[in-house]
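*Asks:* test case, fold it:
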Amino acid sequence: AMKAVAIWLLVAVAAARAPLAAASAASLPSVIQIVADDLGFNDVWHLGENGQIEDNPLTYTPHINKLLSEGIALTAYHTYKVCSPSRASILTGRYPWGVGYYDMKGPEAIPLSFALLPELLKTQGYRTAALGKWNLGHLLKPYTPTRRGFDTFVGYYAACQVDYWYHGSPPDQCGVSAPGDPITDFSNSTTEAIGPAYGLNGTYNAEIFAAAAEKLIGEHAASLGADTPLYVYLAFMNVHGAANMPEFTLQAPQETVELYNRTVLDTYKVAGGMITELDTGVGRVHAALDAAGMLQNSIITFCSDNGGPLDHATNAPLRGGKHTLWDGGLRVTAFVWSPLLPQTRQGQSWGGLMHASDWLPTIAFGIAGVDSGLARGPRLLDGHNMWPAWTSSNTTSPRTEIIHQVVNQYCNGTDKGTSVAPFGNTIRMGRFKLISGAPGQATILPWPQPSGSVVPFGQSNGTVESGTDHYRAGGVEQAPTKVMCNPHCLYDLEADPSETRDLALDPAHASDVARLLARVREAAATGPPWAFPINDTIPLEQEICAAAATTGFYEPVREVPPPPPSPPPPQKAVQYAKGGLCVTVTPRSEAQILPTAAMGPCNSRAMWTHGWVRGQPTLQNQYLHEMSAPNFTAWCLHIGVWPQNMTCRYDGTQHTPGIRQCTEGTPAGGGNPVGSGFNFTGEMIRALSCEDAPDICLGTVSGETALRIVQCTDPAAAGWSMNMVP
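*Replies:* Prediction:
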């Protein structure tokens, strides 16, 4: 416990050391931006018949309910279907795809050419802190939070941790899927030093971040004064599943799980506990602002990063959930709370169209007065400033469209191999939404009704860690419900928020389909390459894992990528002749098939080679024996490598990959002239070497090369040659 306290003191002292950047900062409000993870649309509230929000009585969220009753519920707030792209949008003010996040894929990172929200706020004298989940780049130090505008960071780099109490790094970041993971993903960093956070294993995730926020706010007010503006990006892990084994992915303390003692399934008992732990954290932030004397000049924003996963969250009346392009994946819980909002707007719902990219211009320009010209980046802002619509008599949203997903030269909808691919262009304009392709699981899932009596924990898939209050459960797999939009679906979301009535084939809406399709295609053409600013990540990942094996913590090692290896010397085509076979080894760099006439005449029809062909595990090592049939015209050899399908050419006929007897003819005398060592039909062969005959070794077949035998074009030679070609 003492080590944990030291972490928060370090954060507070680091903030206190930073000088004010602007003398006018004292009048600016503090902003606490809370981002929940995987919270379902129906997990906290109901959407009433008149579009107003009503509390969900089946989950226990008293603090969020109170802030909703005093703030503005953003009932038409939209985001992306999965976490890191939506966070990139929040902090850059661009659509996710506008930053290169076409989906969540591989080692994405926000390019350094974009200014993030905290960097802009610092120009107005804000102290800035990030708590919780990052997931926006970590392989090099310049991509980590305290190099992107945050003064301090206490949190984790990955999409989630292995466990809510034991904060291991997931398998794709040097860790393992077990609570005893030897590699911890928890950082405690300042602008001066990037480093690990010690002494936190055994403490529940949401407790860590709520306590960190309390200490940060209290120490900020004590050292810099309550009037000095503070920006905190507070990204809870709740209610994302832990990167543990599926049967343990949902995790919450016993005390909050027992609030759901009439909930039937353990899945929803623990998921409910996770929601309540999130709510408790929100309440502690509000109380900390009040205790520090900062509450009356503060703004709290709240949103989920994407819709809730259908195995443990609920999004009714919206269709679908996380990973889908239905509104259940895109339209999420959000609100803004502040005493600075007009009293006439407090406790109201606002149905103006809003997107995650709107947070940056709203907070930076509308609240903090940042010069909009400072929002640097290779793409203009996609976001809009919503503050006037919340605080003035004109409540109309400046946003009229949301371009959720695009396909273009960089992203064709099949880039990520998931059950929801191939996705397609998806756009909302006004009341209409157009979807192309496969939007994903289409289930409409409400929070389950409770039992009339107490249902003890552990009767379905729940478990309790021995000697602790650690309750865990797995998700509930939903029966697949797929709706294809082939080529398009069109929905009127004002009349049909559940997206159940497709209007795409209605002649009355043909112009709407054409209009939305033209707009999304126009936007798609402006999309940049994928957000992979680091070309070769493997050496960086290996270095980080090697360091983590010693330190026990997952942290970046380098400031810049290592220099690329020196290129190999240029290769030239090498020609061999043995027993009448003309052999040419052509390096990939030459990228051409050498004309056989250029290799010199082949002196006979006989061909000779001796070596090993190493195939896939199902293809045992095979010998190619000496071949001397006098009329050898009916055999072809093709050694191909995935993903190419090179073909064997025989008398102008193309044959499929493999080594086999050509069907158009047979050797003189019939049968196999060389024995069983040559007679097999492999689909792919991955390597060729010639240990037994190095003088005619043909080299190694890589992923971009293949071998083929072609008949000599010289009529006098009437022999064979072999090329290795790109």
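
*Asks:* which stretches of the stretch 301-450 of the chain form strands?
*Replies:* Per DSSP state E, counting those that start in this stretch, the stretch 301-450 of the chain carries strands over the ranges 334-337, 348-350, 354-355, 401-405, 423-429, 432-437.

*Asks:* got CSV for those, with distance to P446 and mean neighbour count too?
*Replies:* In this view, the C-beta of every residue, glycine as well, is placed from N, C-alpha and C. Formatted as CSV, those follow (distance: least, CB to CB, whole Å; neighbours: other CB atoms under 10 Å):
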stretch, distance to P446, mean neighbour count
strand 334-337, 20, 25
strand 348-350, 20, 19
strand 354-355, 24, 28
strand 401-405, 24, 23
strand 423-429, 23, 24
strand 432-437, 21, 24
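
*Asks:* could I get the ones you listed as CSV with mean pLDDT and distance to K105?
*Replies:* Below are these laid out as CSV (pLDDT from 0 to 100; distance: least, CB to CB, whole Å):
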stretch, mean pLDDT, distance to K105
strand 334-337, 98, 25
strand 348-350, 94, 34
strand 354-355, 98, 21
strand 401-405, 98, 13
strand 423-429, 94, 12
strand 432-437, 96, 17
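
*Asks:* which one of the ones you listed lies closest to S392?
*Replies:* S392 lies closest to strand 348-350 among the strands of the stretch 301-450 of the chain, at 12.4 Å (CB to CB).

*Asks:* outside of that closest one, which residues touch it?
*Replies:* 51-53, 72-76, 389-390, 395 (CB atoms under 8 Å, 6 or more residues apart in numbering).

*Asks:* closest to P107 out of those residues?
*Replies:* L74 (32.1 Å).

*Asks:* quick one: average confidence on stretch 281-294?
*Replies:* Averaged across stretch 281-294, the pLDDT comes to 98.

*Asks:* would you map the strands across the stretch 1-150 of the chain?
*Replies:* 30-36, 45-47, 53-55, 72-74, 77-78, 127-133.

*Asks:* most packed of these?
*Replies:* strand 127-133 (a mean of 28; mean count of other CB atoms under 10 Å).

*Asks:* mean confidence for it?
*Replies:* 98.

*Asks:* that older thread, for A375, find the nearest of the strands of the stretch 301-450 of the chain.
*Replies:* Closest approach to A375 among the strands of the stretch 301-450 of the chain is made by strand 354-355 (15.8 Å; CB to CB).

*Asks:* neighbouring strands - and their directions - for that closest one?
*Replies:* Strand 354-355 pairs in its sheet with strand 77-78 (parallel), by DSSP bridges.

*Asks:* T324 contacts N306, doesn't it?
*Replies:* No: counting by CB atoms under 8 Å, T324 does not reach N306; the two are 9.5 Å apart.

*Asks:* identify the contacts common to these two.
*Replies:* With CB under 8 Å, 6+ apart, T324 and N306 have common neighbours K81.

*Asks:* ends of stretch 370-377, what's the gap?
*Replies:* Criterion CA to CA, to the nearest Å; first-to-last residue distance in stretch 370-377 is 16 Å.

*Asks:* buried residues of that stretch, list them for me.
*Replies:* Across stretch 370-377, burial judged by 16 or more other CB atoms under 10 Å covers 370, 375, 377.

*Asks:* list the contacts for I363?
*Replies:* 31, 33, 117, 121, 231, 301.

*Asks:* from D43, how far out is it?
*Replies:* I363 sits 25 Å away from D43, going by CB to CB, to the nearest Å.

*Asks:* and if you look at E258?
*Replies:* To D43, E258 is 18 Å away according to CB to CB.

*Asks:* these two: which has the busier surroundings?
*Replies:* Ranked by neighbour count (other CB atoms under 10 Å), E258 and D43 place D43 first, with 28 against 15.

*Asks:* hmm, the more buried one is touching A313, no?
*Replies:* Yes: using CB under 8 Å, D43 is in contact with A313, at 5.7 Å.

*Asks:* need phi/psi at H470.
*Replies:* Phi and psi for H470, reported as degrees, to the nearest 10, are phi -90, psi 100.

*Asks:* name the nearest residue to it, ignoring sequence neighbours.
*Replies:* In this structure, H470 finds its nearest non-sequential neighbour in W165, 5.8 Å apart by CB to CB, 6 or more residues apart in numbering.

*Asks:* could you check the pLDDT of that neighbour?
*Replies:* Looking at W165, its pLDDT is 95.

*Asks:* dump the residue contacts of it.
*Replies:* Contacts of W165 by CB under 8 Å, 6+ apart are 179, 201-205, 251, 468, 470.

*Asks:* okay, and the common contacts of D43 and A313?
*Replies:* What both D43 and A313 touch, as defined by CB under 8 Å, 6+ apart, is the set 239, 271.

*Asks:* ok, now which ones touch the residue nearest to the spatial centre of the chain?
*Replies:* In the chain, the centroid-proximal residue (CA atoms, centre = their mean) is M104; its distance is 2.0 Å. When contacts are counted by CB under 8 Å, 6+ apart, M104 touches 82-85, 159, 416.

*Asks:* compare these and tell me which has the most neighbours.
*Replies:* When neighbours are counted by other CB under 10 Å, P85 leads those with 29 neighbours.

*Asks:* just checking, that one touches P96?
*Replies:* Yes: counting by CB under 8 Å, P85 does reach P96; the two are 3.4 Å apart.

*Asks:* give me the common contacts of those two.
*Replies:* Y102.

*Asks:* can you give me the angle the one helix or strand A287 maps to makes with strand 30-36?
*Replies:* A287 is located in helix 266-291, with elements delineated by DSSP states H and E. Between helix 266-291 and strand 30-36, the angle comes out at 180 degrees (axes from the mean of the first three to the mean of the last three CA atoms, to 10 degrees).

*Asks:* now stretch 310-321: average pLDDT?
*Replies:* Per-residue scores along stretch 310-321 average to 96.

*Asks:* next, the distance between the ends of it.
*Replies:* Criterion CA to CA; first-to-last residue distance in stretch 310-321 is 6 Å.
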